[in-house]
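A.B. asks: Compute the structure for the input listed below.
(one chain, ligands or ions: 1)
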Amino acid sequence: QEAVTKPNVIILATGGTIAGAGASAANSATYTAAKVGIDKLIAGVPELSQLANVRGEQVMQIASESITNENLLQLGRRVAELADSNDVDGIVITHGTDTLEETAYFLNLVEKTDKPIVVVGSMRPGTAMSADGMLNLYNAVAVAGSKDARGKGVLVTMNDEIQSGRDVSKMINIKTEAFKSPWGPLGMVVEGKSYWFRLPAKRHTMDSEFDIKNIKSLPNVGIAYSYGNVDDTAYKALAQSGAKAIIHAGTGNGSVSSSVVPTLQALRKDGVQIIRSSHVNNGGFVLRNAEQPDDKNDWVVAHDLNPQKARILAMVALTKTQDSKELQRIFWEY
Ligand SMILES: NC(=O)C[C@H](N)C(=O)O
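C.D. replies: Have a look, this model is predicted:
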């Protein structure tokens, strides 16, 4: 019989509900996130050792709504160091689900590796009935250790699905079937085996022009939400706080209220980049020069990126260019 060498998978733990604990098994939604250390999480799923040689590292212990740009950079740098190491075959990141889609997209843009990087969380703490963290983690390690996950960009395994870190988003906060992509999952992971159906079409990791090793800090980019009867207060406040770009979390096709248009035109003249995205629930798709004359206003459209993902790409892109045409190219390509 052929000897099978198991892959080496590192689990970087950041906190979240997958490391959460509640007072009783009935507490599926009332609990404290970021309580349980990575060694205990690994010990809770002994089957991981059948999939890979697993080692854990506690990078931080926080609920993901509190992640800062500094935390993102710290995590990104550690991922890059490990990806460069010959004895690492894949990396799993345990993460809170609230901003998991932001971290996954950030890593997808800046990590120069074709080794699998899989971000995973859970919707229920490990102390709850039908907790989803164990299986999600098992699936993440399975995918991170598999050769066929290489070169597919940063991935997310939740609810048995393998999602692209670029496309996936938290769509609901009270179901275990919480993470969806408007364009569908890339594959499924069942009993530790991956089944693939499609590939990401956008630039990522090895094919990205961005590299965590060249990023010293991330610029200030804020998001302003739009709705009926909106005024320009939030946009002005963001500009005053020093925002280099403002993500317009717009209605519909990234449409802009007539009460806000003149302010956004003036802010652009002052050097602030204006990026139109959409906050519609199942995935926006903003078309250039459709709702607004973007060429005339010198604004950028966020394509299909939701506002929080548009913020991530804008921050990364602004580390390289201040040119709005270049920004628009980047928003089409990534
Ligand atoms: N399900 C979760 O992980 C939610 C938690 N607030 C977090 O993002 O850390």
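
A.B. asks: quick one, strands of the stretch 1-150 of the chain?
C.D. replies: In the stretch 1-150 of the chain, strands defined by DSSP state E, counting those that start in this stretch lie at 8-15, 53-62, 90-94, 117-120, listed in chain order.

A.B. asks: Ignore what I typed, I meant the stretch 201-334 of the chain.
C.D. replies: Secondary structure of the stretch 201-334 of the chain by DSSP E, counting those that start in this stretch: the strands cover 221-225, 245-250, 273-278, 300-301.

A.B. asks: count of neighbours near the residue in the stretch 51-200 of the chain that the ligand sits nearest to?
C.D. replies: When distances are taken as Cβ to the nearest ligand atom, the stretch 51-200 of the chain reaches nearest to the ligand at Gly96, 2.0 Å away. In this view, the C-beta of every residue, glycine as well, is placed from N, C-alpha and C. Close neighbours of Gly96, defined as other Cβ atoms under 10 Å, add up to 24.

A.B. asks: heads up, I number from 9, so please use that
C.D. replies: Understood, numbering begins at 9; the last thing we discussed is Gly104.

A.B. asks: need the contact list for it.
C.D. replies: Gly104 makes contact with 22-26, 41-42, 70-73, 75, 129 under the criterion Cβ atoms under 8 Å, 6 or more residues apart in numbering.

A.B. asks: List only buried entries from those residues.
C.D. replies: Restricting the contacts of Gly104 to buried positions leaves 22-26, 41-42, 70-72, 75, 129, with burial counted as 16 or more other Cβ atoms under 10 Å.

A.B. asks: Adding pLDDT and distance to the ligand, write these out as CSV.
C.D. replies: Supplementary listing: those in CSV, determined by pLDDT from 0 to 100; distance: Cβ to the nearest ligand atom, whole Å:
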residue, pLDDT, distance to the ligand
Thr22, 98, 9
Gly23, 98, 6
Gly24, 98, 4
Thr25, 97, 3
Ile26, 97, 6
Ala41, 94, 4
Ala42, 94, 7
Ile70, 98, 7
Ala71, 98, 4
Ser72, 98, 3
Ile75, 98, 8
Gly129, 98, 5
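
A.B. asks: one step back: Serialize the strands of the stretch 209-342 of the chain to TSV and add fields for mean pLDDT and mean neighbour count.
C.D. replies: Shown next, in TSV, are the strands of the stretch 209-342 of the chain (pLDDT from 0 to 100; neighbours: other Cβ atoms under 10 Å):
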stretch	mean pLDDT	mean neighbour count
strand 229-233	98	20
strand 253-258	98	27
strand 281-286	98	27
strand 308-309	98	29
